[in-house]
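> need the 3D shape of this:
(one chain, ligands or ions: 2)
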Amino acid sequence: MPALLRRWGFPAFALVMLVLPALPVPDFWITESIYIGLYAIVALGLVLLTGVAGLTSFGQAAFVGVGAYTAAFLATKLGVSPWLTLFAGVALAIAAALVLGAITLRMSGHYLPLATIAWGLALNYSMANMEWLGKYDGLLGVPTLHLFGHDLGAGRGLHVLIWLVALVAALALSRLLDSRAGRAIRALKDGSTMAEAMGISTFRYKLLAFVIAAMLAAISGWLFAHFQRTVNPTPFALGKGIEYLFMAVLGGVGQVWGAFVGSALVRIVGDQLQVLLPRLLGTSGSFEGVVFGIVIVLVLKYAPDGLWPFFARWWPAPARTRDWGGAAPLPTREHPARGELLLDVDAVRKEFGGLVAVNDVSFQIRSGDIVGLIGPNGAGKSTTFNLITGVLSLTRGHVRLRGRPIGGLPSREIARLGVSRTFQHVKLIPGMTVLENVALGAYLRSHSGALSAMLRLDRAEERRLFAEAERQLERIGMAAQMNELAGNLALGPQRLMEIARALASDPTLLLLDEPAAGLRHQEKQALAAVLRQLKAEGMSLLLVEHDMDFVMGLTDRIVVMEFGNRLIEGTPDEVQASPAVRAAYLGTEH
Ligand code: ADP
Ligand code: MG
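Ligands and ions are numbered 1, 2, ... in the order given. As a prediction, the model looks like this:
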């Protein structure tokens, strides 16, 4: 049954919605269905923006208004063809989204919601007060749409077009989410550090999600104008923007199909309540808003993932069929010759307020070396890692990669130059499979964008990406777990998965922050074998580790840190023999 639903669920749903107008369904239900389709188009954008990317917009109703008013104004005042007004409305919405996004999306989370509220209020206020937009009366007499000489009217004909748009949008969105760009968007919710370290410009993808959501809202508005044949400010007010958000949350944050569930429930239940509540309460008024308010609190408390997961039990996500056998390997980079000076850490310093976390530390890594960075907790090892990889900015000092200064570069640029890393506190996308997580590591070795994903022109490259991800998982002995959700793995395998993800970038220098922490003895042995194999292949490694035996057996040289200072640098034997190290590190740990 699940397999059957998976295969035929969408085509069956699409067919029903598209032929509905031809069936003897009462006009009332066609109208309801039109509203649901119009809402779903907007809610789909919010599923991407809020549900998947974790960015909240209260201003979608304003974008709907842009589409609707552009259509109404150009058609009624200037007699412009509706297909041109669609283009104009969407272009205006994109421009507005780009401006709002460029200002707010680089800042931390709260600025976008605030900006969308301001945008929603300002736009609604303008619509209601501008003479040429008809003030509160709006614009009347919007013509109906014609398609192939056929008048679509404002009922059954238009229903087909609206649902066609909604279904195509849903299909495009679910394709997008299952792609290189989609994985980048799905990575946005869990902070930007990991995504940026994989070479992803998180700002670009936030902006993309915001623009797509605005486009969908404007298209819905354009359809709305030709359905109502009139526009006025009320349907585009801030309250409606909150209602759209409610639809996306109710249906299921991050679930494409949840947008339809949410839109249908809000429309149908809202309508019933509008009739029922005044009768029950004995007075007139819009009480359904109060009920929605209560329901949204309940949903957020008891079903934070919305209602779709309850349906999804019968409609589980398909496991990816292994279709990448024999896919061509991804492009590789040119690696330095063994012994070449690879990384030059030159008197780097990091101060956090008054605390000197890294105090003018210097060391070098030559190509093909495994260098260990050890020291007690709080010595500044992870901070040093973050300085090298651009996660933190240098207070002072220089970092050079093959002679090229990389201090001050954003971490995605450093990743592009061949430095890849894992994190002491594992950073993965729990809702993605192990394979998809590892594919994220090969982001910079691929190119497909959002549009080619929606059109499914990216499949050949996707196969190459997954072949690479599987190859790296095989390398660390995790191929059997590739279809599991990364969030379900134990800590040990999660750490190994991070190594596979870093390897997928074809790095010149690999930085591992406590890779053996949380691993069982056998897993540690396997990891050591992998690292030796990597060294044999010429990989250069910087390794932060607590397990002394693990480091001693593996490294060529060791840098010991204490309280931000470099205590000593030498071969494992020299370090082990040093009294200072014994006092600082071994004495306290062993
Ligand atoms: P290690 O990895 O060697 O255990 P860290 O580099 O994580 O040590 O930390 C070094 C010191 O810097 C610690 O005292 C830690 O509390 C401090 N520190 C690390 N990150 C920050 C930060 N973002 N803000 C303030 N202090 C920090
Ligand atoms: Mg650390």
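> doesn't residue 278 lie inside a helix?
Yes - under DSSP: H, G, I helix; E, B strand; the rest coil, residue 278 falls within a helix.
> how near is it to residue 88?
To residue 88, residue 278 is 40 Å away according to CB to CB, to the nearest Å. Just so you know, the C-beta spots here come from the backbone N, C-alpha and C atoms, and that holds for glycine as well.
> neighbour count: these two, which is higher?
Higher neighbour count among residue 278 and residue 88: residue 88, with 18 against 15, using other CB atoms under 10 Å.
> just list the residues touching the more buried one, thanks.
Residue 88 is in contact with 70, 74, 80, counting by CB atoms under 8 Å, 6 or more residues apart in numbering.
> of all those residues, which comes closest to ligand 2?
Of all the contacts of residue 88, residue 70 has the smallest distance to ligand 2: 53.8 Å, by CB to the ion.
> what's the closest non-adjacent residue to that closest one?
Closest residue to residue 70 apart from its sequence neighbours, by CB to CB, 6 or more residues apart in numbering: residue 89 at 3.6 Å.
> for ligand 2, what is the nearest residue in the stretch 151-300 of the chain?
residue 193 (14.2 Å).
> near ligand 1, which residues of the protein show up?
Contacts of the chain with ligand 1, taken as CB under 6 Å from any ligand atom, map to 352, 355, 357, 375, 377, 378, 379, 380, 381, 382, 383.
> go with 8 Å
By CB under 8 Å from any ligand atom, the residues of the chain that approach ligand 1 are 350, 352-353, 355, 357-358, 375-386, 392, 424, 513, 544, 561, 564.
> and the closest residue to residue 260 other than its chain neighbours, what does it touch?
Leaving aside its sequence neighbours, residue 260 sits nearest to residue 40 (CB to CB, 6+ apart; 5.0 Å). Contacts for residue 40 (CB under 8 Å, 6+ apart) come out as 166, 170, 247, 259, 260, 263, 264.
> neighbours of the second one, how many?
What it means is residue 170. Neighbours of residue 170 using other CB under 10 Å come to 21.
> isn't it up against residue 45?
No - Residue 170 lies out of contact with residue 45 (CB atoms under 8 Å); the separation is 11.1 Å.
> check contacts around the residue in the stretch 1-150 of the chain that ligand 1 sits nearest to.
The stretch 1-150 of the chain approaches ligand 1 most closely through residue 108 (14.9 Å), counting by CB to the nearest ligand atom. By CB under 8 Å, 6+ apart, the contact set of residue 108 is empty.
> select from the residues of the chain next to ligand 1 every entry located in strands.
Counting by DSSP state E, the residues of the chain next to ligand 1 place 350, 352, 355, 357, 358, 513, 544, 561 in strands.
> are any of those buried, and if so which?
Buried by 16 or more other CB atoms under 10 Å: 350, 357, 358, 513, 544, 561, out of those.
> tally of neighbours for residue 151?
The burial count for residue 151: 12, using other CB under 10 Å.
> excluding chain neighbours, what is closest to it?
Closest residue in space to residue 151, ignoring its immediate chain neighbours: residue 144 at 5.7 Å, by CB to CB, 6+ apart.
> one more: residue 259?
Closest residue in space to residue 259, ignoring its immediate chain neighbours: residue 43 at 3.9 Å, by CB to CB, 6+ apart.
> can you give me the neighbour number for the one you found?
Residue 43 has 35 nearby residues by other CB under 10 Å.
> okay, and the residue nearest to residue 70 sits in which element?
Following DSSP states H and E, the helix or strand that holds residue 89 is helix 82-104.
> how about residue 223, nearest residue that isn't a chain neighbour?
Residue nearest to residue 223 in three dimensions, not counting chain neighbours: residue 162, with 5.3 Å by CB to CB, 6+ apart.
> ends of stretch 426-442, how far apart?
With CA to CA, to the nearest Å as the measure, the first residue of stretch 426-442 is 18 Å from its last.
> do the same with stretch 191-201
Stretch 191-201 has an end-to-end distance of 12 Å (CA to CA).
> residue 58 against residue 118, yeah?
No - Residue 58 is beyond contact range of residue 118, at 9.6 Å (criterion: CB under 8 Å).
> could you pull up phi and psi at the nearest residue in space to residue 180 that is not next to it in sequence?
In this structure, residue 180 finds its nearest non-sequential neighbour in residue 448, 5.0 Å apart by CB to CB, 6+ apart. Phi and psi for residue 448, reported as degrees, to the nearest 10, are phi -50, psi 140.
> check residue 447 too.
The phi/psi pair for residue 447 (degrees, to the nearest 10) is phi -140, psi -20.
> what does residue 510 give?
According to degrees, to the nearest 10, residue 510 has phi -110, psi 130.
> show me what it bridges to in the sheet.
Counting by DSSP bridges, residue 510 is bridged to residue 420, residue 541.
> what is the burial count for it?
Neighbour count for residue 510, taken as other CB under 10 Å: 23.
> and residue 32, what does it touch?
267, 268, 271.
> per-residue pLDDT, residue 589?
pLDDT for residue 589: 49.
> still on that earlier bit, any idea of the pLDDT on the residue nearest to the residue of the stretch 151-300 of the chain closest to ligand 2 when sequence neighbours are not counted?
Leaving out its chain neighbours, the residue that sits closest to residue 193 by CB to CB, 6+ apart is residue 391, at 5.9 Å. If you check residue 391, the pLDDT there is 95.
> you'd agree residue 391 is up against residue 192?
No - the pair residue 391 and residue 192 fails to qualify as a contact (CB under 8 Å) at a distance of 9.9 Å.
> so which bits of stretch 180-191 are buried?
Quick answer for stretch 180-191 (16+ other CB under 10 Å): 180, 181, 182, 183, 184, 185, 186, 187, 188, 189.
> try stretch 126-135
Result for stretch 126-135 [16+ other CB under 10 Å]: buried residues 127, 128, 133, 134.
> CA atoms only for the helix or strand the first one falls within, dumped as PDB, please.
What it means is residue 127. Per DSSP H and E, residue 127 falls inside helix 111-129. What follows is helix 111-129, C-alpha atoms only, in PDB (Å, rounded to 0.1, in the frame of the first residue of the first chain):
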ATOM      1  CA  TYR A 111      15.700  40.800  11.200                       C
ATOM      2  CA  LEU A 112      13.800  39.100   8.400                       C
ATOM      3  CA  PRO A 113      10.500  38.600  10.300                       C
ATOM      4  CA  LEU A 114      10.700  42.200  11.500                       C
ATOM      5  CA  ALA A 115      11.400  43.500   8.000                       C
ATOM      6  CA  THR A 116       8.600  41.400   6.500                       C
ATOM      7  CA  ILE A 117       6.200  42.900   9.100                       C
ATOM      8  CA  ALA A 118       7.300  46.400   8.200                       C
ATOM      9  CA  TRP A 119       7.000  45.600   4.500                       C
ATOM     10  CA  GLY A 120       3.600  44.100   4.900                       C
ATOM     11  CA  LEU A 121       2.300  47.100   6.900                       C
ATOM     12  CA  ALA A 122       3.900  49.700   4.600                       C
ATOM     13  CA  LEU A 123       2.600  48.100   1.400                       C
ATOM     14  CA  ASN A 124      -0.900  47.600   2.700                       C
ATOM     15  CA  TYR A 125      -0.900  51.200   3.900                       C
ATOM     16  CA  SER A 126       0.200  52.400   0.500                       C
ATOM     17  CA  MET A 127      -2.500  50.400  -1.300                       C
ATOM     18  CA  ALA A 128      -5.200  51.800   1.000                       C
ATOM     19  CA  ASN A 129      -4.100  55.400   0.600                       C
END
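> burial measure for residue 303, as a count.
Residue 303 is flanked by 15 other residues according to other CB under 10 Å.
> OK, contacts around it?
Listed by CB under 8 Å, 6+ apart, the contact set of residue 303 reads 309, 310.
> got it, and residue 426?
The neighbourhood of residue 426, defined by CB under 8 Å, 6+ apart, consists of 491, 494, 495, 498.
> out of those, which are buried?
Among these, those buried by neighbour count (16+ other CB under 10 Å) are 494, 495, 498.
> let me have these in a markdown table, extended by pLDDT and secondary structure.
Shown next, in a markdown table, are the buried ones among the contacts of residue 426 (pLDDT from 0 to 100; DSSP: H, G, I helix; E, B strand; the rest coil):
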| residue | pLDDT | secondary structure |
| --- | --- | --- |
| 494 | 94 | helix |
| 495 | 93 | helix |
| 498 | 96 | helix |
